Structures are given as structure tokens and as C-alpha cells.
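Asks: The following block contains a protein sequence and its predicted model.
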Amino acid sequence: MPFPLGCDDAELWRPRQIEASKGDFDPSEDPLDHYVNTCGGQKALRRILIASNGMAAAKSIMSMRQWAHMEAGLGSSGILEFISMATREDLDSNADFIRLADKYIEVPSGKNVNNYANVDLICKLAQSEKVDAVWPGWGHASENPRLPAKLKEMGITFIGPTSPVMSVLGDKIAAGILAQTAGVPSIPWSGDGLKAELTKDGTIPDETFKKACLFSVQDAVQCAERIGYPVMLKASEGGGGKGIRMSKSKEELETNFVQVQSEVPGSPIFMMQLCTGARHIEVQIMGDQHGSVVALSGRDCSTQRRFQKIFEEGPPVIVPKSTFKEMERAAQRLTQSIGYIGAGTVEYLYNAETNRFYFLELNPRLQVEHPVTEAITGVNMPATQLQVAMGIPLDRMPQIRNFYGLSEKDRTSRIDFMKADYVYPKVHCLAARITAENPDDAFKPTSGKIERIKFQSSVACWGYFSVWTHAAIHEFADSQFGHLFARGEDREEARKTLVLALQNLDVVGEIRTPTDYLVQLLQTEAFKRNKIDTNWLDGLIRERAVRLKYEQGDVVFYAAVLRACRALQAKDQELLRSIEKRRLGLLHQVQGSCATEVEITFEGLKYHFRVSRVSDDAFVFKICDTVIAAQVREQPDGSLLVSVDGSVRKISGSEEALGLRLRLQGVGTVLLPTIFDASELRSDFNGKVMRYLVPEGGIVKKDEAYVELEAMKMIMPLKARATGKLKQLKGANSIVQAGELLGSLELQDPSSVQQLIAFKGHFVLPTKASESSSLSFGAQKKAMLALEGYEVLGSAQELAQAVFQKEEWLSEEENVSEQLQAATQLVECYLQVERSFAPLLSSGSEDLAVAAVLDADAGSAGAAVAAQLKTLRAHGRLKFRSDLVAAVLEHVKLLPAHEPREMPSVTEGFLNREVSQKTLRLIREEGHWKRLGELVAELSELPNIAGYSPVLLPARSLSQSLDRQPWETRKNALRNALKVLRTSSTLQAAAFSVFTAAARVFELQKGSYVDCSW
């Protein structure tokens, strides 16, 4: 744990060693035995079975190890040993708790009744592994009284309450009756006025218990009519948002009753009046084996969605300190009176306007938000559970004593927790749950792979996750897989810290998370001013008051960028595979590899983009009359950096069954849904069909629920998008994937279905830095890219003309030199590809030529295959390439005639800068002319076939022009040859020279006359 309990205060967090008096420590004594004996405990527990998974298992192991090393001073290895249970799904998902454990045992897969909630299996493993204790975590079997009872029979310690106490307090109905008996205020509910004395075995009499239960829909309706709508329907064995529904009407109640029964099968069900405008306040209690119960401050968990906590914070500053002290004392009396042992949470509903509180329920276990308590009290909760199980009194535990402000030197004085006051927390902690839920679709659960989680804990914000990299959230897992805890001197500082932490959290994979939505919530005025209640968030969701803020044009354009890049990458990968397998028709396949079309549908409009790849990382997007050029660079993590006119944005995303999930830097995650036919009823997530709510052939109305699916331990209804007759396509208990068809509708009115409208007009990209959008390519770069086979940015003539455009800041000679160099490089680029193909094309078909070129590099792989793709891509555009080179040659002809130039003279042995630059330029120019002559001569030798025909005539003409000597030189050569003819005895040699010179004159200067009368 990077910072273990949420605080770096030196006084609060300084590691403390248990020091014995001189002479009372036996070096041969085991450190853990010594610690337990020194603190007044009964027995050391070393080997612990973790009967849980996910967040609970990971946190318990980290916390207990941290305590053993830092607080108890027991060393870091071998003192405590953890054995974990692990299903195949958890193993495959790379769950972090398996890595943290010393040993894992694979258990049956599937629902938790097969594994983590299976009491008989847990006890069997505990016995076979010879463990000293079992830690149950939260959820699963943590509230099943059979587990502590059976473990007690086996002589194995259960880290938690005893079985009778768990039975009476762990059951929400029994706890309500007991609270009424103890005089704790209660709101109207199905057990109004019931009181009971505990039986000998510590339970509520069965007859009294049943009076508070609802056994049928009819019972629920009658109770609701008595206490008044809206009402809360609850399963007493539920929790974490499961088995709880709010109903405003009889119709909702009838549907919700069946859902609650399905979510928590076999659990008793009760009802309570919905307390509007109330806050959810918790008191964290811990009881020991010696009759003491301590209240470790509390938490405010009022930010809830469907009764599932979103944010938790502490201390609960909304409650006056005096009122909260009453809550703590009531919780202590309630639990102490029945000998409560271990961690528990007493929950209240609190009305800030009236300053009154009402008992809600008691959870006889540790809760997932317990690190909030750790942050504000300095008490390691799992480690304190372990010490309680070892029989150590609460007032002998160093962290508890420190919480009460006692001196380190005073290790044994008694603390009366019902009278003594602890030191009020000096920090505020605010926590956020990270869940695999889709905020764009009513927070429905999602499952799938997680590539990585990027989060850096700091002094101000600590977080932990059940999975990290190359992991997954499987269908049987809890939707929560992470938790962040921010701290500050006050609530506002903690809020700002949490906002920053959430903005820096990056979860990449197939699942959805509400991280961006949480940031929006934290920045609402109501949350800042702490003017919220338990219904606040559900109201915002209903009204869609908190929405991701984005520009529609940005979402559409960057979605097009992502899809276009992925499409072109897919084309490249297919081409590479084709090259490796030497498939026929490669040239035809490669010709469209730099262009694609993308369609984006968003908010009722359909956008059609034509996309051209003009270089490795540059693209041109055309939509209607708008052209947008963008440079795109792929990052190692798969994200894209998109630059448009100097504006750079990082994007990433993934295609899912329901649409494109786009992540925009500075905005968040936006879903661009796939538009399905309204008659198709599809699943929004992975899950299991529980039941259809509309019979086969029945009429389902628009926005009416037609089926219930179970996902991530929740029952979720799905609604129809149109009215029609239902045809069911799945059976009960069918496993379905997101996007899979569940049914079809015979539409009642097909014309009522919303139609998509094609976008027309001028497309506006809000993030553009200027009105125009262009790439910063020079003329030569554009021509070179066209020769390499990318989509062209103009006609051949336009590209060539741009290359030979004079630059005003250069002299005439300098312009000629630059143009000559550009022409040489362009012709060289053309020939680099065609040297391989030309000899083969003159004697065979195109496919055979391609095969021969590839076979010449047989056995190549990786970069070599990629190079072959580049070669094929270039040759695939042979016609345009030849036209471009021909246009370049025509412009070369217009350059001033090439004549040898006299080099600048150097005076007095001094070479100044001007002379030096001119000399170098002339040397380069002579070299370019010479090289260009060689390349043009090579061009003129290309076979006379259709692809090369545009370049042959200008190449041969220019080759002859470049090969000739200046006129005076040739005239003098002819004169000298004729003189030799007069005097030379070697008539044959002289004649050869004469006719050679004459041939050059009359061939290259057609129509010219050479005066030889002399």
C-alpha cells in the first residue's frame, strides 16, 4: 500500500514498536507470540484463509501485512501466511489478490454459491489447509451465521461476530426489531412497533420476526398502503445495491418485488417508508472479546445511485458533533448489549433540517469504504479485526490508544469507550468507487478485458484495485474494481484532490467506467456546498442534469479519425499477409490502400467522410464542402495524437457491440451508438436472461421494460425503443453477450421510428486553430509522397509546376540549382521502384512481374515485408507516377541551357564566404546535371509499354539534349576533323571523325547550316 491508511501526518502515522521491559523478552520467543502476550491477547493467528475475492481479498492481505511490518514490528516475511480461494474466472482475469496471497486454491467456477459463499467448501478448505482463522471479507458468506458456527465446531477462529450475534444484527429485520426494543428511533416500516427479548441462543423469536416480513406481492401492496408511498423494498440479506428497490406506485411495487426476490433468492423481505431529504450516516464500531465496543468516528455515504454508494467521506461534517456523538453512543449501546465482536457499521438516516436521526440497519462485517475510517482515525481496520480475533483488548492496541490521544509510554491504562472522547480527526477523506458501469446507459454493468490501469498513488490520494494490467472483469465479479481515497485538511481540499486523481486515472479496455461522470458530480455546486441527500444523484440521472460537456463537431471528427486510421491499418495488415502468402492480384488490392470512406452517426445525424492518406502520418478528410487535414501519430499505448492546424488532441477508443466508445483528452468518454433497427431488441450488456416481462406475442410499448437480465449480481430491466408485438428469441437462463438479439418486434407504426438525417452543409471543427486546414508539406515533399504511392494532393502538372516555382528570396542561379536538385531526387525515387519491374514487364504479365519481384526477396519478414508493401503501393500508381515524372522533365527542359561554368577566381590565396558558397553551388549543380543526365538516359531505356509511355518521349528528348556539346565546340570539332582529312594518311580514321561530328551537328540541330566553304 503506497500510503497505507490515507495520512502522512508524522504524529499519526509514525510506526510504533511494542517494547518490552528490560529482561522480559526471550530472543527465542516468536515475535507474534510476544506481541500478543504483551498486548494481553490469547493466541496468535498466523495462517489465514481469505474466503473472498476481488477488492476485499486484496485489501485484507495488504493491510494485515502492512500492520505486521510497520505497526507491530514483526518483520515482513513469514509472520503471517495467507491462503486465498480462486475461481477459474479470477485466475483468467489476472486478479491481484491471487498474486498477493502466499498460496491459492482453485475452487469451482460460476456463481458465488459455488465458491466464496459456499460455507461447506470454505470449512473444508480451512480444515485441509490447517488454517488458524478465516477472514470472510464483505459480501459472499460474510453475513452467513452458519460459517462462524461451523468453524467454531472445528476449532478454527472466525474473524468477525459470533453466529448468534450475526443472526440477530446481520439480518436487517431482526436488527430493526432490536433497535426498536433498545429505544433507537425508527421510521415507519413493515415491523412498526415490534419488540422482542432475545431467545437463549441470542435470536429474535421466529413468530415476532415473521410479523415484519413480506411474503407476497399482496403483502407488499398492503404494507405500502399503510405506511404510504414512496417505499423502499429490501431483502434482509442483500447489500451493495442488491435486493433493494424504490417504488412510487403499486405497479412499480409489483414488478420490484419479483426483482428483489430474484436478486437475493431465499432472503426475507421487508419494507420501509422512503425518507426524503435524508442523509446516509454511518458509525464504524469495533467490539472485542472483553465486552468493549469502540466507535471509530463515522462516514457520510449520502451520494448514492440506486442505493449503491458512489462517494463516501468522513468525518460526517454535515452532522453537528454533539448529534453525532449521540449516534455513536446509541450504536455502542446497541452492539455492546449483545456482546458484539469484530467490525460492524451502524447506519442511520439523518435529516439535516430537523437534526434528527433514525436507525436504518447494522452491517455485521467490514465494509468496502472502511479506508475512509482508516484515513481519519489512523486505525488499520483489517489488522484490528485480526487482533480482536487474537483476543487482544481494544484498549491495549497501539493504534486505538493513539486515536484517543494517549501517550506512547502509557500502554496499559484502561479506556472506558462509553465515556472517553477520542481526538477529533484533523483531516477529511473523500472516496470514490471505480466501477465497471456504463454512465451513458443508466449505469448498467459491463464486463470484459482490461489492458491496463494507469494510476499513481500519492500522499494526498491513495487507491487500490482488484486488477491491474492484462486483466478482466468477468460476469460473476462485483462491478467495483477500484477505490480512490483523497485527503485534505478540510472537505474542499479533499474534493479538489479527488477531482485531480480521477482526471489522471486511465482505465483502458473493453469495460466502461463512470470516471468522467464522477468528476462532473464533484464539480456541481450542490456537492461543493454539501447540499445533497440520498435522492440527489438519482434525481440528476433522471433529469440528465449532469452530462459530459463536448462539442458535437469534435466528437464526430475525432471518431472519423479513429475509424479511418483503424480501417487503413487493417488494410495494411491484410496486404502484408497477402505479400507473405504471395497472393495474386496484389496490385489491384494495393491501389485502394490509401483511401477509405467513414460513416459516423451521432445525435440523429449521419456524417460521410472521404479520407485520403497522403503520407505515413498525414490524412485529408473531406465532408461536403469542408476539407480538414490532420497529422496523426500513434503512441505506444495505442492512443492517437491528432494535430489539426497546431491544435493537438489525444484520442483513443474501441469498437463495441453497441457502438464506438471514444475517449477525448480534456472531455472524457463519449459513446457513439450503433444504430440498430428499432424492431431489433438487443442486450445492452453481458448477462443472463432471468425472465421476459411481456409474454410471447404480447404488445410491448415504447420505453416499457420487456425482459430482465442478471449481470454483476444485479437484476436489470431492458426497455423497448418502439411499440410492437414481441417475439422472444431467448429462453430463461440463456447467457447473452452485449449486442445479442433478445427479441424482435412487429412494429405497430413503422413510420414513428426516428430516421437518420444525412448531414449537409459546412462542417465546423471547433478545435481548429484557423479557418483553413492544410498540411505543412513543401512542393517537393508532396510530389515525393505521390511517387511513393500515397493519395495525391493535386494533378501531376500542378505538383510539377509547384516544384519549379521560383522562390523570391533566391537568386536566379540559386533557384535553378534548387529545382535541378529536386528534379534529380524525384526521378531517382521513380526509378528506385521501376528498376525492379521494368525488365519483367517487358516479357510477362503484371502478376508474374509482381511475383518475381517478391520472390527476389523470398523469406523476408517484418521490416522487409513492409518495404515490399511500399514498393507495391508505389508501382500500383504507375500511370500517375509516369505522368508526374514526364511533367517534371518538361520543366527541366525549360531550365537555362547547361554550359560548363568558369569557377570563381581566388585572389591572394584568400577564399571569402561568397566565393566559397558560389563554388560549392556550382560544384553541386555540375553534379546534379551529370546525375540527372544518367537518370534520364536510364528512363529513356524503359520498355515501351502503356505504363511507361508517358515518360519515354520527354526522357529520350531530354537525354539527347543533355548529351550534346555546346555549338562552338561542335563546330570547331568539325573544322578540325576536316583539316585532318586533308593531311592525314589515315583516311579511314579521319572520315570516321568527320562523320561522327557531322552526325551530331545535323541530328541535334535540325535545319541548321554549317558553313564549310573554307
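Replies: Sure thing, it's come through.

Asks: pLDDT score for Val620?
Replies: The per-residue pLDDT reported for Val620 equals 94.

Asks: typed the wrong thing, it's Pro900
Replies: pLDDT at Pro900 comes out at 54.

Asks: How about Ala998?
Replies: 46.

Asks: Tyr229 too?
Replies: 93.

Asks: repeat for Thr596
Replies: At Thr596, pLDDT is 93.

Asks: Also Pro439?
Replies: 79.

Asks: ok, so what distance separates it from Arg245?
Replies: 21 Å (CB to CB, to the nearest Å). Just so you know, the C-beta spots here come from the backbone N, C-alpha and C atoms, and that holds for glycine as well.

Asks: now for the helix or strand hosting Lys152, which elements pack on it?
Replies: Lys152 belongs to helix 146-154 when assigned by DSSP states H and E. Helix 146-154 is packed against helix 119-128, strand 157-158, helix 163-170, with contacts defined by 3 or more CB pairs under 8 Å, 6 or more residues apart in numbering; DSSP states H and E.

Asks: So for the protein, the centremost residue is which one?
Replies: Val508 (2.4 Å; CA atoms, centre = their mean).

Asks: out of everything not next to it in sequence, what's closest to that one?
Replies: Spatially, and ignoring its direct neighbours in sequence, Val508 is nearest to Glu451 (4.5 Å; CB to CB, 6 or more residues apart in numbering).

Asks: Show the contacting residues for the one you found.
Replies: Thr469, His470, Val508, Gly509 (CB atoms under 8 Å, 6 or more residues apart in numbering).

Asks: Those: which two are farthest apart?
Replies: Within these, His470 and Val508 form the most distant pair, 10.9 Å apart (CB to CB).

Asks: anything in contact with each of those two?
Replies: Shared contacts of His470 and Val508 (CB under 8 Å, 6+ apart): Ile450, Glu451, Arg452.

Asks: how close does the second one sit to Arg566?
Replies: By that I understand Glu451. 16 Å.

Asks: give me the element the nearest residue to Arg305 once chain neighbours are set aside is part of.
Replies: Distances taken as CB to CB, 6+ apart place Leu537 nearest to Arg305, at 5.1 Å, with adjacent residues excluded. Assigned by DSSP H and E, Leu537 belongs to helix 536-543.

Asks: That helix packs against which elements?
Replies: Short answer (3+ CB pairs under 8 Å, 6+ apart): helix 536-543 packs on strand 304-305.

Asks: Can you spell out which helices and strands pack onto the strand it packs on?
Replies: Against strand 304-305 (3+ CB pairs under 8 Å, 6+ apart) you get helix 536-543.

Asks: confidence score at Pro839?
Replies: 84.

Asks: Also Asn535?
Replies: 89.

Asks: What about the residue lying closest to it once chain neighbours are set aside, how many residues nearby?
Replies: Among residues not flanking Asn535 along the chain, Thr276 sits closest, at 6.4 Å (CB to CB, 6+ apart). Using other CB atoms under 10 Å, the number of residues around Thr276 comes to 10.

Asks: hang on, the earlier thing: which one among the shared contacts of His470 and Val508 gets closest to Val260?
Replies: Among the shared contacts of His470 and Val508, and counting by CB to CB, the member closest to Val260 is Ile450, at 31.0 Å.

Asks: SS state for that closest one?
Replies: Using DSSP: H, G, I helix; E, B strand; the rest coil, the structure places Ile450 in strand.

Asks: what about Lys893, distance to Glu818?
Replies: 17 Å.

Asks: If you could redo that for Gln367, that was the one I meant.
Replies: 74 Å.

Asks: same thing with Ile269?
Replies: Distance, Ile269 to Glu818, by CB to CB: 86 Å.

Asks: Next: Phe417.
Replies: Counting by CB to CB, the gap from Phe417 to Glu818 is 89 Å.

Asks: Phi and psi next, for the closest residue to Asp516 other than its chain neighbours.
Replies: Closest residue to Asp516 apart from its sequence neighbours, by CB to CB, 6+ apart: Gly668 at 3.0 Å. As for Gly668, its main-chain torsions (degrees, to the nearest 10) stand at phi 130, psi -150.

Asks: Which positions are bridged to Gly668 in the beta structure?
Replies: Per DSSP bridges, the residues bridged to Gly668 are Leu664.

Asks: What is the burial count for it?
Replies: For Gly668, using other CB under 10 Å, the count is 19.

Asks: between the helices and strands packed on helix 146-154, which one is nearest to Glu71?
Replies: strand 157-158 (20.4 Å).

Asks: Run through the residues that contact Ser957.
Replies: Applying CB under 8 Å, 6+ apart, the residues near Ser957 are Lys893.

Asks: what separates it from Ala886, distance-wise?
Replies: 11 Å.

Asks: same deal with Leu151?
Replies: The value you get for Leu151 to Ala886, if CB to CB is used, is 90 Å.

Asks: who has more neighbours, the two?
Replies: The residue with more neighbours, out of Leu151 and Ala886, is Leu151; 26 against 21, by other CB under 10 Å.

Asks: where in the stretch 201-350 of the chain is pLDDT low?
Replies: 239-241 (pLDDT under 70).

Asks: Of Gln367 and Glu818, which one has the most company?
Replies: Gln367 (25 against 19).

Asks: The more buried one contacts Trp138, correct?
Replies: Yes - judged on CB atoms under 8 Å, Gln367 makes contact with Trp138 at a distance of 6.0 Å.

Asks: list the buried ones in whichever helix or strand comes after the helix holding Leu537?
Replies: Remark: after helix 536-543, the chain's next helix or strand is helix 552-581, criterion DSSP H and E. By 16 or more other CB atoms under 10 Å, the buried positions in helix 552-581 come out as 553-566, 568, 571-572, 575-576, 578-579.

Asks: Find me the pLDDT at Gly604, would you?
Replies: So Gly604 comes in at 85 (pLDDT).
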